[in-house]
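S.K.: Okay, sequence plus prediction incoming.
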Amino acid sequence: MAVCIAVIAKENYPLYIRSTPTENELKFHYMVHTSLDVVDEKISAMGKALVDQRELYLGLLYPTEDYKVYGYVTNSKVKFVMVVDSSNTALRDNEIRSMFRKLHNSYTDVMCNPFYNPGDRIQAFDNMVTSMMIQVC
Amino acid sequence: MADTVLFEFLHTEMVAELWAHDPDPGPGGQKMSLSVLEGMGFRVGQALGERLPRETLAFREELDVLKFLCKDLWVAVFQKQMDSLRTNHQFLAFTCGLLRGALYTLGIESVVTASVAALPVCKFQVVIPKS
């Protein structure tokens, strides 16, 4: 369902990034990189707005012709970015939210692992991420 | 739920091991042991800072972070921790590191020190440098 999933650290470098059609990986890396600006915009807007709405889920960051990019930020300023195929119109907001929740839970488990040093690349995500992605033919 | 006494034993042994390691410490050796303990507490605090606020909404300012620290973190950690506090700095190093780690994960760099004026009250001082 998701085409690319990335976990970005507080200092804006990637802790984990993986995309399914492995040929055009660089394109997805660029998309994630540009989406970081949108994420920062949303975070700072959230700080200034007097709205009570202070969710962790950021929603649709920006749509392109082929893909849609969703974002989620944790309280420790770690960002999750997910790129999905636009042709998959059956994907609803709730499903995206639940995928982000799973990601957040896995990230928390990784943090609590005493053998993991905060700031290293994450090795443990592969199984969970494979279950979220489909094979594009 | 694990017994709180398990952590007490672990903590006591950690301190005893690190303290007794240097038979002839001198001021340098003691500081090393304390900073190792504080470092351990820091790492645990980072993990806690990640796990505890998971379902809560985004923190908008420093005040939110401190409110979380005082209410949620304190209850989660100190309800399970010892009621009796000890006077020596060695037993407080881990806890200071814990607080510093949780604050760091939530975006606040700080220096945490502890002082015991009269038992059973222990004061933790959190200094956030103005940047």
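M.R.: Received it, and whenever you're ready, just let me know what you need. Numbering: from 1, shown residues only, chains lettered A, B, ... in the order given.

S.K.: Show me what whatever helix or strand B:Gly39 lives in packs onto, helices and strands only.
M.R.: Using DSSP states H and E, B:Gly39 sits in helix B:26-51. Here helix B:26-51 is seen to pack against helix A:93-112, helix B:4-20, helix B:89-105 when contacts are counted using 3 or more Cβ pairs under 8 Å, 6 or more residues apart in numbering or on different chains; DSSP states H and E. From N, CA and C alone the C-beta is placed, and that goes for glycine too.

S.K.: So the longest one, near chain B or not?
M.R.: Which is helix A:93-112. Yes. Helix A:93-112 is in contact with chain B by Cβ under 8 Å from any Cβ of the partner chain, via A:104-105, A:107-108, A:111-112.

S.K.: Which strands or helices does that helix pack on?
M.R.: strand A:2-8, strand A:57-63, strand A:67-73, strand A:79-85, helix A:126-132, helix B:26-51.

S.K.: how about TSV for the helices and strands packed on helix B:26-51, with mean pLDDT, distance to A:Val32 and mean neighbour count added?
M.R.: Formatted as TSV, the helices and strands packed on helix B:26-51 follow (pLDDT from 0 to 100; distance: least, Cβ to Cβ, whole Å; neighbours: other Cβ atoms under 10 Å in any protein chain shown):
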stretch	mean pLDDT	distance to A:Val32	mean neighbour count
helix A:93-112	87	14	17
helix B:4-20	80	40	13
helix B:89-105	80	23	23
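
S.K.: Could you save the ones you listed as a markdown table and add columns showing distance to B:Gly45?
M.R.: Formatted as a markdown table, those follow (distance: least, Cβ to Cβ, whole Å):
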| stretch | distance to B:Gly45 |
| --- | --- |
| helix A:93-112 | 11 |
| helix B:4-20 | 14 |
| helix B:89-105 | 2 |
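
S.K.: Can you pull out the residues in contact with the lengthiest helix in chain A?
M.R.: Taking DSSP state H as the criterion, chain A has its longest helix at helix A:25-48. Outside helix A:25-48, the residues within contact range by Cβ atoms under 8 Å, 6 or more residues apart in numbering or on different chains are A:3-4, A:6, A:8, A:12, A:14, A:17, A:19, A:53-54, A:58, A:61-62, A:64, A:67, A:69, A:71, A:73, A:77, A:79, A:81, A:83, B:58, B:60-61.

S.K.: out of the residues you listed, which are buried?
M.R.: A:3-4, A:6, A:8, A:14, A:17, A:19, A:58, A:61, A:67, A:69, A:71, A:73, A:77, A:79, A:81, A:83, B:58 (16 or more other Cβ atoms under 10 Å in any protein chain shown).

S.K.: Point out where chain B drops to low pLDDT.
M.R.: B:1-2, B:21-30, B:55, B:60, B:78-91, B:117-121, B:131 (pLDDT under 70).

S.K.: interface residues of it facing chain A?
M.R.: B:43, B:46-47, B:49-51, B:53-54, B:56-61, B:105-107.

S.K.: which residue is nearest the middle of chain B?
M.R.: Central residue of chain B (Cα atoms, centre = their mean): B:Thr95, 2.1 Å from the mean position.

S.K.: That one contacts B:Val116, doesn't it?
M.R.: No. In this structure, B:Thr95 is not within contact of B:Val116 by Cβ atoms under 8 Å, at 11.7 Å.

S.K.: Next one: A:Tyr16 from A:Ala6, what distance?
M.R.: 7 Å (Cβ to Cβ, to the nearest Å).

S.K.: For A:Val32, see how far away the most centrally placed residue in chain A is.
M.R.: Closest residue to the average C-alpha location of chain A: A:Val81 at 2.0 Å, with Cα atoms, centre = their mean. According to Cβ to Cβ, A:Val81 and A:Val32 sit 5 Å apart.

S.K.: Can you work out which residues contact both of these two?
M.R.: Common neighbours of A:Val81 and A:Val32 (criterion: Cβ under 8 Å, 6+ apart): A:4, A:6, A:8, A:69.

S.K.: Let me have those in JSON lines, extended by pLDDT.
M.R.: Shown next, in JSON lines, are the shared contacts of A:Val81 and A:Val32 (pLDDT from 0 to 100):
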{"residue": "A:Cys4", "pLDDT": "85"}
{"residue": "A:Ala6", "pLDDT": "88"}
{"residue": "A:Ile8", "pLDDT": "89"}
{"residue": "A:Val69", "pLDDT": "88"}
